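1. fold the following, please.
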Amino acid sequence: MNRRKAIIGLVGLTGAATASYFFYTQTKQEDLNQLDSNKLFIAELAETIIPRTTTPGAKDAKAEEIIILWLKECTDRKTRNNFIRGLEKLKSRCQAAFDKDFMHCSAQERQALLNQFEKEEKPFAPIFGKIQKKFLGTAFMPTLKEYTTKAYCTSFLGATQGLAYVLIPSRREACIPLQTSQKSWATQ
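-> All right, here's what the predicted structure looks like:
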C-alpha cells in the first residue's frame, strides 16, 4: 500500500513539474530584440510566401516591418513566443537539411522547408484546435502566413499594384463577376 502511494505521488509530482515548466516556457517574456535582429530573415520568409512576379513581392511592400510591429504590439505572448521559437527552429532545420542558412537556399528548398513546417504545425480538429490555440497560442507558420498576407494586402504597393484597387468607387455593387485575369479586389 505504501509503495502504491509513493508511485502515485511521484507520478503526480513529475506531472505537476512538467506542466509548470511548460506553462513557464509558453508565458515567459521573450527578448523582442530578436525580432529586430531577424528582420532580414523575416523579409526572406515573407518573400517566399508572396514572391515578386509581375506584381511587387512582400519584400517590396516592406511586409517585414509591419510583421515585426504587429508581433511586438498586437500579438499575445504565447503566439509571439511560438513565432520567435519557430524562427530559431527554422534556422536550425535549414542548416541541418541543406547545410546552409535560409538566405542561401534556392526558392524550391525554401518552399519545401516551409511546406514541411506547415504540415508539422497543422492544428487539431476544430474544437480541439480552438482549445490548442487558447492554451498554446497560434503556431509559427499560421502566424507568419496570416501576417504576411495582411501586411502585403494593406501596404500601398500590395493594394495598388498587387490587387485591383479603385480609390473612389463610383457605386456599391454587392456581387460583380471577375473578368478574365482580373486581380482580386483590395478590400478586407
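2. name the next helix or strand following the lowest-mean-pLDDT helix or strand in the chain along the chain.
-> In the chain, the helix or strand scored least confidently by mean pLDDT, DSSP states H and E is helix 2-27, which has a mean of 74. Proceeding N to C from helix 2-27, the next assigned helix or strand is helix 33-37, under DSSP states H and E.
3. helices or strands up against that next one?
-> Helix 33-37 is packed against helix 63-73, helix 77-98, with contacts defined by 3 or more Cβ pairs under 8 Å, 6 or more residues apart in numbering; DSSP states H and E. Every residue, glycine included, has its C-beta placed from N, CA and C.
4. which parts of the longest one are buried?
-> The one in question is helix 77-98. For helix 77-98, burial by neighbour count (16 or more other Cβ atoms under 10 Å) applies to 78-84, 86-87, 90, 94, 98.
5. so what's the nearest residue in space to residue 85 that is not next to it in sequence up against?
-> Spatial nearest neighbour of residue 85, chain neighbours left out: residue 140 (7.3 Å); criterion: Cβ to Cβ, 6 or more residues apart in numbering. Residue 140 makes contact with 82-83, 85-87, 89-90, 117, 121, according to Cβ atoms under 8 Å, 6 or more residues apart in numbering.
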